[in-house]
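with the sequence up front, the predicted model follows.
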Amino acid sequence: MEGSSFLHPQFETLSRPEIEALQLERLHGTLLQCMKSPFYRKRFAESGISPQDIRTLDDIVKIPFTTKQDLRDNYPFGLCTVGLDQVVRLHSSSGTTGKPTVILHTQRDLDQWADAVARCLYMAGLRPGDIFQNTSGYGMFTGGLGFQYGAERLGLLTVPAAAGNTKRQIKFITDFGTTAIHAIPSYAGRLYEVMAEMGIDPQKDTRLKTLVIGAEPHSEEQRRRIEQMLGVRAYNSFGMSEMCGPGVAFECQEQNGMHIWEDYYIVEVVDPVTLEPVPEGEVGELVLTTINREAMPLLRYRTRDLTRILPGECPCGRRHKRLDRMKGRSDDMMILKGVNIFPIQIETVLMQFPELGNEYLITLTNEDANDSMTVEVELNEFHDDYPRLQALTGEIRRQLKDEILVTPEVRLVPKGSIPVSEGKAVRVRDLRKTLI
Amino acid sequence: MTVHQISVFVENKSGTLVKVLDLFKEAGIQLIATTISDTADYGIFRIICSEPMKAKSVLDAAGVSSSLADVFAVSLENYPGTAADAISFLSQAGIGISYLYSFMLSGKGILIFRTDAPEKTADVIRAHGMSALDDASLLSLV
């Protein structure tokens, strides 16, 4: 790559001790700032701690967690630490599962956010002269404005194409000579399909070279396939509206884990049940503390996203920790016979069998005080061959046991017999009764 | 030598049989014989009917999981011992029977079965001069 690989060398090339010293300093500032919000003042008083009790980074565990429910309960302005006359932007979540939440920004917050996104895009190799087309929805969805401001900050020609209208997206790509796109992985696949229908070869007829993907779970194989189809390098992006939006963590040229910007966040990974830190490198719930935010800092925010910190040092030279791909949501976790199980583990096993369809349902019961799990899964194509059905059932059961360590009942069911709900599918039914 | 049998993969809950039978009724397809095997794991509804090909496409169009298979249909004289003889010929030849069901039609006993060695079964049927039916000859008895 030409020139420096760091947009912000003063932050990106810090050593671990330097990162941690900066974090402690910024954490102190953040704690003082938090005392200006009614919510945190009360929270600290109730738990009998004060900002002075946090002397080292390890002391952060003394601070109570902040949850999505706290944001709902204090909707809309209960966590605000500045006067509303200082607030210049508000993003709100849709609140599909209850009360909405809001995140507030001062002008400084927006500037810092734009800087973080610019740093990510620069790390992915984008430079002034590149043409960046953003296919995120704009408006309340932070992937729109977040990438817009960040790309402009970096000096890219930024096209706010927004979501949908695939043919028009492709016309922009060819007319403007778009070199980089931000899209969710499935939409990148869609762009390729429609290009093929229109007789456009992305490798010959476009200048595309970089794809930014995120917000949707996908495997490494999917990423490589998209890269081949479009003739681009695809970089994973991680963000969440509670942490501004995009720009929280991003892949470098190594494409092996997403560097999380530790000058913005203190990172913890905890067991979702005990809330104790997991050993380094193990999967747990990501907990983030913002240390570079004014209007609405969040302390030890439980993201509900499951991931792990990749062990070892990245050859790119950055010592900011790397997050692995998100493994699912901690809300979805089941505990069966004392074992923590996530639906995604079961889904991954089931999807390896070409005989099975996409729909499945996990039912938990506790007849005779004994936890048990039944996995119903649709059979793609039915053959009246009992020994084969039995062998298939046995093989699924065996592979599930290897993955989740308990042996479930497996029931093959006809196609169409598992109800498909609108929107988010119901995958788990917990029918266990309290036994007291 | 064989007839077409429809196997429907059914859910173990009330109303599923009616749904299947209603499809046959609406399409004007006549049932000749049916049997349900219900293990703990799978319910399989096996049907011999007047128009198996049409039945399969009706089921497919309705999104019902089913498969079409060739099964043996042997017609026996209606007196004691004929079934025992027929089956002993198969077992003497070392042929395993996956499933079997029987019914009476126009004074004949009809044995429907599937084996683990279809070609060998056909040889045994021929060698012993058993009367094996196809779709048309079975329908002619209805």
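All right, it came through fine. A quick note: this is a predicted structure, and the numbers were derived from the prediction, not measured.

host element of the closest residue in space to residue B:52 that isn't next to it in sequence?
Distance criterion C-beta to C-beta, 6 or more residues apart in numbering or on different chains; nearest residue to residue B:52, sequence neighbours excluded, is residue B:4 at 3.7 Å. All C-beta spots, glycine's among them, are computed from the backbone N, C-alpha and C. Per DSSP states H and E: residue B:4 is located in strand B:2-10.

quick one: contacts of the helix or strand following that strand?
Once the chain leaves strand B:2-10, the next helix or strand it forms, by DSSP H and E, is helix B:16-27. Helix B:16-27 has contacts (C-beta atoms under 8 Å, 6 or more residues apart in numbering or on different chains) with B:8, B:10, B:30-31, B:36, B:43, B:45, B:47, B:49, B:51, B:54-55, B:58-59, B:62, B:64.

of those, which one scores lowest on pLDDT?
Within the contacts of helix B:16-27, residue B:43 has the lowest pLDDT, namely 85.

check the residue nearest to residue B:52 and give its pLDDT.
So residue B:4 comes in at 97 (pLDDT).

also residue A:328?
76.

quick check: the nearest residue to it once chain neighbours are set aside vs residue A:378, distance?
Using C-beta to C-beta, 6+ apart and skipping the chain neighbours, the partner closest in space to residue A:328 is residue A:344 (4.0 Å). Counting by C-beta to C-beta, to the nearest Å, the gap from residue A:344 to residue A:378 is 18 Å.

more neighbours, the two?
Counted by other C-beta atoms under 10 Å in any protein chain shown, residue A:344 and residue A:378 do not tie: residue A:378 has more neighbours, with 20 against 17.

all the strands of chain B, residue numbers only.
Along chain B, counting by DSSP state E, strands occupy B:2-10, B:31-38, B:43-49, B:66-76, B:97-105, B:108-115, B:131-132.

then the stretch 301-436 of chain A?
A:301-307, A:322-323, A:328-329, A:334-336, A:339-341, A:356-365, A:372-379, A:409-413, A:428-430 (DSSP state E, counting those that start in this stretch).

so the residue in the stretch 51-200 of chain A positioned nearest to chain B, which state does it fall into?
Residue of the stretch 51-200 of chain A nearest chain B, by C-beta to the nearest C-beta: residue A:186 (25.2 Å). Here residue A:186 takes the helix state, with states given by DSSP: H, G, I helix; E, B strand; the rest coil.

what's around it, how many residues?
Residue A:186: 12 neighbours (other C-beta under 10 Å).

equivalent analysis for residue A:225, please.
For residue A:225, the count of nearby residues is 17 (other C-beta under 10 Å).

quick one: which helix or strand includes it?
helix A:220-230.

show me which helix or strand of the chain is least confident by mean pLDDT.
You didn't pick a chain, so chain A it is. strand A:328-329 (a mean of 77; mean pLDDT, DSSP states H and E).

oops, wrong one, chain B.
Per mean pLDDT, DSSP H and E, bottom of the list for chain B is strand B:31-38, a mean of 90.

for the residue of chain A found nearest chain B, give me phi and psi.
Residue of chain A nearest chain B, by C-beta to the nearest C-beta: residue A:384 (3.5 Å). Note on residue A:384: backbone dihedrals following degrees, to the nearest 10 are phi -80, psi 80.

list, one by one, the residues from chain B near chain A.
B:5, B:7, B:9-11, B:39, B:41-42, B:44, B:46, B:63-67, B:69, B:98-99 (C-beta under 8 Å from any C-beta of the partner chain).

just the buried ones among these, please.
Among the residues of chain B next to chain A, those classed as buried by 16 or more other C-beta atoms under 10 Å in any protein chain shown are B:5, B:7, B:9-11, B:42, B:44, B:46, B:64-67, B:69.

contacts for stretch A:401-412?
Applying C-beta under 8 Å, 6+ apart, the contact partners of stretch A:401-412 are A:336-337, A:339, A:341, A:345-346, A:348-349, A:356, A:362, A:372-379, A:389, A:392-393, A:396-397, A:400, B:41-42.

which of these are buried?
For the contacts of stretch A:401-412, buried by 16+ other C-beta under 10 Å: A:336, A:341, A:345-346, A:349, A:356, A:362, A:372-373, A:375-379, A:389, A:392-393, A:396, A:400, B:42.

can you get me a residue count around the nearest residue to residue A:248 once chain neighbours are set aside?
Leaving out its chain neighbours, the residue that sits closest to residue A:248 by C-beta to C-beta, 6+ apart is residue A:239, at 4.7 Å. A count of neighbours around residue A:239, defined by other C-beta under 10 Å, yields 24.

surely residue A:239 is in contact with residue A:143?
Yes - the pair residue A:239 and residue A:143 passes the contact test of C-beta atoms under 8 Å, sitting 7.3 Å apart.

quick check: neighbours shared by these two?
What both residue A:239 and residue A:143 touch, as defined by C-beta under 8 Å, 6+ apart, is the set A:214-215, A:245-246.

by neighbours, which of those residues wins?
Busiest of the shared contacts of residue A:239 and residue A:143 [other C-beta under 10 Å] is residue A:246, holding 30 neighbours.

now do the contacts for that one.
Here residue A:246 is in contact with A:117, A:120, A:142-143, A:146-147, A:150, A:214, A:237, A:239 (criterion: C-beta under 8 Å, 6+ apart).

let me see the contact set for the closest residue to it other than its chain neighbours.
Nearest residue to residue A:246, sequence neighbours excluded (C-beta to C-beta, 6+ apart): residue A:239, at 3.8 Å. Residues in contact with residue A:239, defined by C-beta under 8 Å, 6+ apart, are A:142-143, A:146, A:214-215, A:245-249.

where does pLDDT dip in chain B?
When residues are selected by pLDDT under 70, those of chain B lie in B:39-41.

taking it, what residue is nearest to chain A?
For chain B, C-beta to the nearest C-beta, closest residue to chain A: residue B:7, 3.5 Å.

doesn't residue B:65 make contact with that residue?
No - Residue B:7 lies out of contact with residue B:65 (C-beta under 8 Å); the separation is 9.3 Å.

what is in contact with the two at once?
residue A:382.

contact residues of the stretch 251-400 of chain A facing chain B?
Within the stretch 251-400 of chain A, the residues that sit near chain B (C-beta under 8 Å from any C-beta) are A:379, A:381-384, A:386, A:389-390, A:393.

ok, back up a step: do you know how far the residue nearest to residue A:328 is from residue A:329?
9 Å.

likewise for residue A:50?
As defined by C-beta to C-beta, residue A:50 lies at a distance of 33 Å from residue A:329.

could you do residue B:5 as well?
Taking C-beta to C-beta as the measure, residue B:5 falls 46 Å from residue A:329.

now do the buried residues in the helix or strand encompassing residue A:27.
Assigned by DSSP H and E, residue A:27 falls within helix A:16-34. For helix A:16-34, burial by neighbour count (16+ other C-beta under 10 Å) applies to A:19, A:22-24, A:26-27, A:30-31, A:33-34.

in CSV, list those residues along with pLDDT and distance to chain B.
Listed next are these as CSV, based on pLDDT from 0 to 100; distance: C-beta to the nearest C-beta, whole Å:
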residue, pLDDT, distance to chain B
A:19, 98, 56
A:22, 98, 60
A:23, 98, 56
A:24, 97, 59
A:26, 98, 58
A:27, 98, 57
A:30, 98, 56
A:31, 97, 58
A:33, 97, 58
A:34, 97, 55
